[in-house]
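A.B. asks: Need a 3D model of the following:
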Amino acid sequence: MCTAGSELYEQALSEGHISAAAAADAPCLTEFGLLHPALDDLDRLEPVAPALSLNRLLGATRARIAEEHRREDRLVDLFGPLLRIDGQTAPDSPSLHLLSGTKQINRAISEALVEATVEVIGIQPHAGLVGRRGETAQQLSLARDQAFLDRGGRIRTLYQHSLRHLPSVLTYVEQLKGDSTGRSLDELPGRLIVIDETVAFIPADGDGTLALEVRHPAVITFFIKTFDRFWQLATPMFPKPEHRPTVNGVTPRQRAIAALLVEGHTDAVIADRLGMNIRTARDHIARLATTLGSESRAQLGYLIARSGILDRED
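C.D. replies: As a prediction, this is how the structure comes out:
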């Protein structure tokens, strides 16, 4: 019941009636059947006794509960024979579960984090979210991640290198308090979250509205080993950032582009794999060509191979 409705109902009980005009701003009173028009004056509303109203409302609640019980019985009758047929092969808890919609995905991650106490690893878990949807997802992630850290947990996150200076990412990592570290790489696979080496979440489509909840131990182990390989190759991003050195005038970003150029990839593919727009990728390619003294795309590939920049270690 709305606050105004509660006050008006108390007034009607005390005075025996209120005017219809006074109750116009509290339609909940008539919707709940707490007031009814007086027989001798339709502009006046009289209160129904609280005991009668309570009994009527409880009766409706009991009816809904009874219907839910009947629905449960129908479902048991429907699935009972199927469970007996599949009883020998169906696992107690499925190792793969498809989650549909961002609300269901976020709820599943939140529920898994509530019971987590050890470590969460993630690959660019907040990348690709922009606008109001991104802000909402970030605030939700921040709250549940901070609660996990407060329980003594540890978080390790990998980001694509092009995102390390993104304001939303910087704001997120700077707000976390606790054992949280992050590193970055030029190229990373799709998003991944693994919680306490027990459950993982990976995308099942391209727009983030479908996800797979994975609980198969072998698959979880594979995810963790893959993450650790990337982690060893990545550059520390926070809490203490490291700057990758420039070698003979060629920046680390240009070296990553050079590696993709010699593989024959187009500008669009290079931009997509390194998480940048195509204009930025072309700008880096032009600067790389200037540094190496190239006058054509074909010559650039030759000069990259000849320069040995791809053989150097950071």
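A.B. asks: Point out where this structure drops to low pLDDT.
C.D. replies: Within the chain, the stretches with pLDDT under 70 are 1-2, 83-94, 126-138, 164-165, 167-168, 241-245, 247, 312-314.
A.B. asks: all strands for it, in order.
C.D. replies: 18-19, 35-38, 41-47, 96-100, 119-123, 154-160, 179-185, 192-195, 199-203, 210-214, 235-238 (DSSP state E).
A.B. asks: Output the last one as PDB, restricted to C-alpha atoms.
C.D. replies: Read it as strand 235-238. The C-alpha atoms that make up strand 235-238 are tabulated as PDB, following Å, rounded to 0.1, in the frame of the first residue of the first chain:
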ATOM      1  CA  THR A 235      52.700  -6.400 -19.000                       C
ATOM      2  CA  PRO A 236      51.700  -5.300 -15.500                       C
ATOM      3  CA  MET A 237      49.000  -2.700 -15.600                       C
ATOM      4  CA  PHE A 238      48.000  -2.100 -12.000                       C
END
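A.B. asks: Strand partners (parallel or antiparallel) of that strand?
C.D. replies: Paired neighbours of strand 235-238 in the sheet (DSSP bridges): strand 179-185 (antiparallel).
A.B. asks: And the strand it pairs with, what's buried?
C.D. replies: 180-185 (16 or more other CB atoms under 10 Å). The way it works is simple: take the backbone N, C-alpha and C, and place the C-beta from them, glycine included.
A.B. asks: Give me the contacts around it.
C.D. replies: In this structure, residues lying in contact with strand 179-185 by CB atoms under 8 Å, 6 or more residues apart in numbering are 145, 149, 152-161, 163-164, 173, 230-231, 233-239.
A.B. asks: Tell me what angle that strand forms with strand 154-160.
C.D. replies: Computed by axes from the mean of the first three to the mean of the last three CA atoms, to 10 degrees, the angle separating strand 179-185 from strand 154-160 equals 20 degrees.
A.B. asks: can you list the domains in this structure?
C.D. replies: The chain breaks down into these domains under automatic domain parsing: 3-48, 96-238, 252-311.
A.B. asks: Those: which one's closest to E67?
C.D. replies: Minimum separation from E67 across the domains of the chain (CB to CB) falls at domain 3-48, 20.4 Å.
A.B. asks: Now find how far off-centre the closest one is within its chain.
C.D. replies: 46 Å (CA atoms, centre = their mean, to the nearest Å).
A.B. asks: mind checking the end-to-end distance for it?
C.D. replies: Its start and end residues considered, domain 3-48 measures 18 Å (CA to CA, to the nearest Å).
A.B. asks: And stretch 158-171, by the same measure?
C.D. replies: From start residue to end residue, stretch 158-171 stretches across 16 Å - CA to CA.
A.B. asks: one step back: which one of the domains of the chain lies closest to D73?
C.D. replies: Closest among those, using CB to CB: domain 96-238, at 26.1 Å.
A.B. asks: what's the burial count for the residue nearest to G152 when sequence neighbours are not counted?
C.D. replies: Once flanking residues are discounted, G152 sits nearest to T117: 6.8 Å by CB to CB, 6 or more residues apart in numbering. T117 is flanked by 11 other residues according to other CB atoms under 10 Å.
A.B. asks: With A259 instead?
C.D. replies: Counted with other CB under 10 Å, residues neighbouring A259 total 16.
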